[in-house]
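Undergrad: Would you be able to build a 3D model of this:
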Amino acid sequence: MIKKIFSILFISLFLSSISTAKDKIDETIDKTTDFLKSISKKSLNKSQTAEFLNNYAITLEDERNQGVVTYIFDEKNYKRYQDGNVISEDGWRFTNLGKLRVFSGDIKLTWKFKLDKQNVIVIKTKFQPLGKEYLFTYQLKDKFFEQIN
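TA: Predicted coordinates:
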C-alpha cells in the first residue's frame, strides 16, 4: 500500500516537473521569437527612404549633446534645426548598395529607418558592427516650417 502511494506520488511529481519544464521552454521560445521580430522589423528600402526624406522632417535626440533636433533633408544636403534655428549643415547620399549615408564632418554614419508603432532610426558608424537605435518622430516639412515661422 505504501509502495503504491510512493509510486503515485513519484509519478505525479515527475509529470509536474515535465509540465513545468515545458512551460519554461515555451516561455523562452516566446521571448526569443519576440526578440527576433523586434530586430527584424522591415526597414525602408532606398526608394522609400528617398521619398520619406523628401517629404518629412525628422526629429530625434542624436547624442551630439545638443538635445532634440530636427533634420530636414534636401537634394544633397541636410540641415539640423533646434528651436527653429539651423545649428549645422552637411551632406548625405545613398551608397552603391542603397544605404543612406549621412555625413557629420569627417564621420560617416549609416541610417536605417524602421517605421512601426515605435519609429526607430538605426544609426551605425563605419567601425561599429551593430548600430544604435534612436526613437524619432516625423511630420510633413511644410508643417515644420509653419511652426518655426
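Undergrad: Glu146 sits in which helix or strand?
TA: helix 141-148 (DSSP states H and E).
Undergrad: immediately after the worst-scoring helix or strand of the chain on mean pLDDT, which helix or strand?
TA: Least confident element among the helices and strands of the chain, by mean pLDDT, DSSP states H and E: helix 2-39 (a mean of 66). Later in the chain than helix 2-39, the nearest helix or strand by DSSP H and E is helix 46-55.
Undergrad: So for that following helix, what gets flagged as buried?
TA: Neighbour counts using 16 or more other CB atoms under 10 Å place 49, 52-53 of helix 46-55 among the buried residues. Any C-beta I mention is one placed from the backbone N, CA and C, and that applies to glycine too.
Undergrad: so it versus helix 141-148, what angle?
TA: Taking axes from the mean of the first three to the mean of the last three CA atoms, to 10 degrees, one finds that helix 46-55 is oriented at 30 degrees with respect to helix 141-148.
Undergrad: What's the first helix or strand after helix 46-55?
TA: Counting by DSSP H and E, what follows helix 46-55 is strand 56-61.
Undergrad: Report the distance from the helix or strand just after that next one to the chain centre.
TA: Going down the chain from strand 56-61, the next helix or strand is strand 68-73, by DSSP H and E. Centroid separation between strand 68-73 and its chain, computed with CA atoms, centre = their mean, to the nearest Å, is 17 Å.
Undergrad: Which strands or helices does whichever helix or strand comes after strand 68-73 pack on?
TA: The helix or strand immediately downstream of strand 68-73 is strand 77-82, counting by DSSP H and E. The helices and strands touching strand 77-82, judged by 3 or more CB pairs under 8 Å, 6 or more residues apart in numbering; DSSP states H and E, are strand 68-73, strand 85-94.
Undergrad: Where does the prediction get shaky in this structure?
TA: Scanning the chain for pLDDT under 70 picks out 6, 9-10, 12-19, 21, 30-41.
Undergrad: residue contacts, the most centrally placed residue in it?
TA: Nearest to the geometric centre of the chain sits Val120, at 3.5 Å (CA atoms, centre = their mean). Val120 makes contact with 41, 113-114, 133-136, according to CB atoms under 8 Å, 6 or more residues apart in numbering.
Undergrad: Repeat that for Ile58.
TA: 70-71, 73, 121, 136-138.
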